[in-house]
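**Q** Dropping a prediction and its sequence here:
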Amino acid sequence: MQIGTSVPLVLARLRRATEHDHARIEADLGFVERSLTSARYRRVLEALHGYHAAVEEPLRAIPRVASLALDLERRRKLALIERDLRALGLDESALAEIPIASGAPVPRAVGEALGCLYVLEGATLGGRIISRHLAGLGVTPTAGAA
């Protein structure tokens, strides 16, 4: 079987296998609820900050991942999350106090890295949908929703 023909099958299996988890996370985050507040949004961004702080560097440290031409630099989100948190009122000392996620998986091999990137990219796509709901809080792509 050629790799090109198996990719859609793998993605379909991943979607099916993680469908329940996606629904649970979306419900837990409450981004599409009318009761979403700026404080809740900020707490979620802080959690995302902790996760990205734990995962982004290890991804870059896997030698074979760099050879896959995935443009990891463009996919990094930590700086954007920090920009959003600053727009929501956090200063540098508050950013430095955000804990790094202790339970985040640290990818050590190419397969683990690809799985991690799948999750991170999915979250990015979900963020585009969520951003419509943030407008009611005065959060825009240039002010808190990069």
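**A** In hand now; what should we look at?
**Q** so how many other residues sit close to V119?
**A** 16 (other CB atoms under 10 Å). In short, each C-beta sits where N, CA and C put it, glycine included.
**Q** got the residue ranges for the helices in this structure?
**A** All helices of the chain, identified by DSSP state H, fall at 3-29, 38-60, 63-66, 72-75, 78-87, 92-96, 110-134.
**Q** From Y118, how far out is P63?
**A** To Y118, P63 is 20 Å away according to CB to CB, to the nearest Å.
**Q** Same check on I130?
**A** Taken as CB to CB, the span from I130 to Y118 is 18 Å.
**Q** And these two? Which one has more around it.
**A** I130 (18 against 15).
**Q** give me every residue that touches the nearest residue to A143 once chain neighbours are set aside.
**A** Distances taken as CB to CB, 6 or more residues apart in numbering put A87 closest to A143, at 5.0 Å, once the chain neighbours are dropped. In this structure, A87 makes contact with 139, 143-144, judged by CB atoms under 8 Å, 6 or more residues apart in numbering.
**Q** need these in CSV with pLDDT, can you?
**A** Converted to CSV, those look like this (pLDDT from 0 to 100):
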residue, pLDDT
V139, 85
A143, 88
G144, 87
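**Q** What subset of these is buried?
**A** Buried by 16 or more other CB atoms under 10 Å: 139, 144, out of the contacts of A87.
**Q** Any chance of the contacts of A87 in JSON lines with distance to Y51 as columns?
**A** Below are the contacts of A87 laid out as JSON lines (distance: CB to CB, whole Å):
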{"residue": "V139", "distance to Y51": "20"}
{"residue": "A143", "distance to Y51": "23"}
{"residue": "G144", "distance to Y51": "18"}
